[in-house]
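S.K.: Following is a predicted model, sequence given first.
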Amino acid sequence: MSAPLQTMADAIRVLSMDAVHKAKSGHQGMPMGMADVATVLWTKFLKYDASAPEWADRDRFVLSAGHGSMLIYALLHLTGFEAVTMDQIRNFRQLGSNTPGHPEYGHTPGVETTTGPLGQGIATAVDMAMAERHMAARFGDDLVDHRTWVIAGDGCLMEGVSHEAISLAGRLKLAKLTVLFDDNNTTIDGEATISESGDQVARFKAAGWAVKVVDGHDFGKIAGALRWATRRSRPTMIACRTKISKGAGRKEGDPHSHGYTLFDDEIADARRAMGWSHEPFVTPEEALKPWRAAGRRGAKPRRAWETKLSRAPLKAEFERAVQGELPADAFARLDAYMSELVATKPANATRVHSGSALEQIVPAVAEMVGGSADLTGSNNTFVKGMVPFDQPDYAGRYVHYGVREHGMAAAMNGMALHGGVIPYSGTFLTFADYSRPAIRLGALMGVRVVHVMTHDSIGLGEDGPTHQPVEHLASLRAIPNLNVYRPADAIEAAECWKLALQSKSTPSIMALSRQKVPAVRTEAAGENLSARGAYELREASGAARATIFATGTEVSIAVAARDLLEAEGISVRVVSVPCWELFEAQDAGYRAGVIGEAPVRVAVEAAVKMGWERFIGEDGVFVGMTGFGASAPSEKLYEHFGLTAQAVADVVKRKLA
């Protein structure tokens with residue numbers, strides 16, 4: 001073993017012990033166990049420059065086992081990332097530090113994705129590798145040529161999303177992806193074998209990966225395995241046989257040291273075992289100097305790459321795409337199409353209107369990459385002329401994700417995090433339950449992804465309550481920093497797509513119908529009304545006695561109910577609410593004006609009531625669902641559950657009586 005490498009690895013171990021001990025919280029076991037592997041990777045193989053964390057052609061390093069966050073914080077500090085000072089290490093897990101309990105994207109320079117929920121990191125990394133290959137196909141290997149490295153543990157590989165991601169990566173032969181499996185047979189409850197008897201090496205091999213097993217504490221063998229991985233034509237998994245809490249004296253190899261905070265005497269024992277005589281939070285020059293040299297190792301390649309970029313014919317387009325800026329003419333075709341809609345007033349399902357909007361946008365925005373979870377024909381996410389994303393050239397812009405909703409949602413996060421790609425994909429709204437952990441992380445990270453979710457209510461009909469979402473709109477609206485759009489017709493669908501693509505730091509849900517709806521926007525507005533989140537669609541003929549609020553397919557029902565009531569001399573206004581979140585962002589005066597002062601307020605939505613109180617108050621009336629749906633044609637279901645214009649009109653009259 002190389003003495004300098006051993007000293008450098010021990011620096012990670014000691015920092016991890018000290019930080020966890022001071023915080024009285026955390027996990028030093030995994031950082032100590034994988035310190036040797038991480039040292040070889042970060043000093044000899046990982047392409048990065050500590051002085052330029054945003055270098056577009058850097059390798060991506062993902063700590064999927066995010067509970068071991070001190071591993072990446074120690075690496076960032078030791079290699080010289082300016083933001084991760086020793087003070088930040090001392091303040092591990094404390095309010096205001098950039099060293100939180102689990103790594104957070106956008107919070108700590110050098111952290112590529114938020115991890116902690118197990119399995120999310122490896123799934124996101126797969127799609128960073130997809131984005132790298134797609135960008136290379138578009139801009140050439142001179143500008144895009146980097147790898148994605150992942151550290152994952154037993155828990156990551158137990159989570160179901162890892163199966164989806166690993167299978168997809170094998171199918172696509174993502175050769176620049178390497179998973180370093182911390183093979184220490186450990187989970188929180190004890191040895192992993194108390195709940196897992198599978199062979200992870202065989203599993204990866206069966207999925208089409210190249211696999212190798214090494215001693216995770218032998219620097220030479222680790223280096224040989226990493227070198228081997230860079231020469232494969234398939235994704236690679238290296239099972240690194242390690243001991244948890246390596247170097248921690250009598251706690252070394254103890255499964256229960258996973259989330260165990262070492263006591264003073266145990267830390268003293270560990271320091272003696274490593275021959276480490278320095279005070280807490282002190283890294284000696286013999287360890288720090290080679291680490292800082294490793295952090296500078298990528299400066300020369302980065303400068304050479306910047307020179308290539310400066311001379312590249314596609315420089316401006318590359319920089320625009322990486323920075324996430326839309327082309328100047330991104331919506332030219334869409335705007336012309338929207339002008340036609342006012343005249344043609346098409347009646348169709350909003351999923352069809354969404355697909356029509358995509359037909360105008362996708363050809364104009366080259367970085368948009370679409371897909372579907374085996375529901376392409378239902379989701380209307382494929383645009384004529386798109387080519388499947390697939391090996392060997394990866395230039396295609398449509399991903400066949402298969403029945404992998406969770407993996408698909410994580411994939412979009414990974415592509416967006418990588419940069420240069422604006423991902424969207426489709427499934428049914430009810431299957432948002434499969435995607436939810438990745439949707440939530442996307443909202444937490446603030447990435448621009450668009451989840452197209454069709455069949456958005458009981459209106460999907462005969463497939464029945466298993467496929468009919470009723471609580472999903474409310475549950476998705478509860479997630480912070482997630483815009484949930486439910487457009488009413490073709491114009492609102494186009495407006496919502498424009499808003500979703502303009503939202504660089506907010507993911508979006510497009511909740512779209514299977515059944516046809518009539519056009520409700522029949523006049524040119526001169527502005528994107530959906531951008532306000534809610535707006536008056538139909539005014540009352542006189543002083544409004546009632547206001548009817550509605551979204552999506554129920555807006556036309558609200559309009560028809562208003563017409564019935566106006567015919568009886570009852571003045572009623574209709575408010576369309578395509579996006580609650582954007583409405584909440586408006587100023588108080590605008591919100592008050594839209595809600596109005598009519599004595600009766602009614603909300604209509606083919607979903608549960610939760611949240612509608614913000615519009616109708618406690619005394620308002622909700623017309624919608626109070627339970628699950630049923631199997632029948634959509635028009636029969638709407639009649640059965642009282643979602644008709646006459647039923648809404650009757651509710652208003654009863655409330656006014």
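M.R.: Okay, I see it.
S.K.: Centre of the chain to stretch 377-388, how far?
M.R.: Chain-centre distance of stretch 377-388: 22 Å, with C-alpha atoms, centre = their mean, to the nearest Å.
S.K.: Report the buried residues of it.
M.R.: Residues 378-383, 386 are the ones in stretch 377-388 that count as buried (16 or more other C-beta atoms under 10 Å). All C-beta atoms are positioned from the backbone trio N, CA, C, and that covers glycine.
S.K.: and what of stretch 149-163?
M.R.: Neighbour-count burial for stretch 149-163 [16+ other C-beta under 10 Å]: 149-159, 161-163.
S.K.: Those residues in strands, which ones?
M.R.: Residues from the buried residues of stretch 149-163 lying in strands, with DSSP state E as the criterion: 149-152.
S.K.: about what we covered before: can you redo the buried residues of stretch 149-163 as CSV with distance to residue 96 and pLDDT?
M.R.: Below are the buried residues of stretch 149-163 laid out as CSV (distance: C-beta to C-beta, whole Å; pLDDT from 0 to 100):
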residue, distance to residue 96, pLDDT
149, 30, 98
150, 29, 98
151, 27, 98
152, 30, 98
153, 29, 96
154, 33, 95
155, 29, 95
156, 29, 96
157, 34, 96
158, 34, 95
159, 31, 95
161, 31, 97
162, 33, 96
163, 38, 96
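S.K.: Just the closest of those residues to residue 475, please.
M.R.: Closest approach between the buried residues of stretch 149-163 and residue 475, by C-beta to C-beta: residue 161, at 18.9 Å.
S.K.: Tell me where the stretch 551-657 of the chain has helices.
M.R.: 554-567, 580-584, 588-595, 613-616, 634-640, 645-656 (DSSP state H, counting those that start in this stretch).
S.K.: Flag every buried residue along the second one.
M.R.: Of the residues in helix 580-584, those buried under the neighbour-count criterion (16+ other C-beta under 10 Å) are 580-583.
S.K.: Same check on the longest one?
M.R.: Under the neighbour-count criterion of 16+ other C-beta under 10 Å, helix 554-567 has 554-562, 564-566 buried.
S.K.: Generate TSV for the helices of the stretch 551-657 of the chain, with distance to residue 140 as supplementary columns.
M.R.: TSV is the format used below for the helices of the stretch 551-657 of the chain (distance: least, C-beta to C-beta, whole Å):
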stretch	distance to residue 140
helix 554-567	47
helix 580-584	39
helix 588-595	48
helix 613-616	51
helix 634-640	50
helix 645-656	58
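S.K.: Relative to residue 430, which of the ones you listed is closest?
M.R.: Here helix 634-640 is closest among those (C-beta to C-beta), at 14.9 Å.
S.K.: What helices and strands are in contact with the helix or strand harbouring residue 500?
M.R.: In this structure, residue 500 sits in helix 490-502 according to DSSP states H and E. On a contact count with 3 or more C-beta pairs under 8 Å, 6 or more residues apart in numbering; DSSP states H and E, helix 490-502 meets helix 332-344, helix 350-361, strand 450-454, strand 483-485, strand 508-511.
S.K.: redo that, cut-off 7 Å
M.R.: Applying 3 or more C-beta pairs under 7 Å, 6 or more residues apart in numbering; DSSP states H and E, one finds that helix 490-502 makes contact with helix 332-344, helix 350-361, strand 483-485, strand 508-511.
S.K.: got the contact list for it?
M.R.: Helix 490-502 has contacts (C-beta atoms under 7 Å, 6 or more residues apart in numbering) with 326, 331, 334, 337-338, 341, 346, 350, 353-354, 356-357, 361, 422, 450, 483, 485, 487, 508, 510, 519, 521, 528-531, 578.
S.K.: so residue 548 sits in a strand?
M.R.: Yes - the assignment for residue 548 is a strand, going by DSSP: H, G, I helix; E, B strand; the rest coil.
S.K.: for it, which residues make a bridge with it?
M.R.: Assessed by DSSP bridges, residue 548 has beta-bridge partners residue 574, residue 602.
S.K.: That one touches residue 557, doesn't it?
M.R.: No - Residue 548 is beyond contact range of residue 557, at 8.8 Å (criterion: C-beta atoms under 7 Å).
S.K.: Kindly provide the distance from the nearest residue to residue 484 once chain neighbours are set aside to residue 106.
M.R.: Closest residue to residue 484 apart from its sequence neighbours, by C-beta to C-beta, 6 or more residues apart in numbering: residue 509 at 4.5 Å. Separation of residue 509 from residue 106 (C-beta to C-beta, to the nearest Å): 21 Å.
S.K.: Those two: which has the busier surroundings?
M.R.: Higher neighbour count among residue 509 and residue 106: residue 509, with 29 against 14, using other C-beta atoms under 10 Å.
S.K.: which residues does the more buried one contact?
M.R.: So residue 509 contacts 451, 453, 476, 482, 484-485 (C-beta under 7 Å, 6+ apart).
S.K.: rewinding a little: tell me the one among the ones in strands among the buried residues of stretch 149-163 nearest to residue 269.
M.R.: Out of those, the member with the shortest distance to residue 269 (by C-beta to C-beta) is residue 151, at 26.4 Å.
S.K.: Let's have the buried residues of helix 580-584 in TSV, adding pLDDT.
M.R.: Output for those, formatted as TSV (pLDDT from 0 to 100):
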residue	pLDDT
580	98
581	98
582	98
583	98
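S.K.: So which of those is the closest to residue 280?
M.R.: residue 581 (45.5 Å).
S.K.: In JSON lines, list the helices and strands packed on helix 490-502 along with mean pLDDT and distance to residue 190.
M.R.: Putting these into JSON lines (pLDDT from 0 to 100; distance: least, C-beta to C-beta, whole Å) gives the following:
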{"stretch": "helix 332-344", "mean pLDDT": "96", "distance to residue 190": "56"}
{"stretch": "helix 350-361", "mean pLDDT": "98", "distance to residue 190": "48"}
{"stretch": "strand 483-485", "mean pLDDT": "98", "distance to residue 190": "41"}
{"stretch": "strand 508-511", "mean pLDDT": "98", "distance to residue 190": "40"}
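S.K.: quick one: which of those is nearest residue 221?
M.R.: Closest among those, using C-beta to C-beta: strand 508-511, at 46.5 Å.
S.K.: got the CA coordinates for that closest one in PDB?
M.R.: What follows is strand 508-511, C-alpha atoms only, in PDB (Å, rounded to 0.1, in the frame of the first residue of the first chain):
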ATOM      1  CA  SER A 508     -44.200  21.000 -13.700                       C
ATOM      2  CA  ILE A 509     -47.100  18.600 -13.900                       C
ATOM      3  CA  MET A 510     -49.400  18.700 -16.900                       C
ATOM      4  CA  ALA A 511     -52.700  17.000 -15.800                       C
END
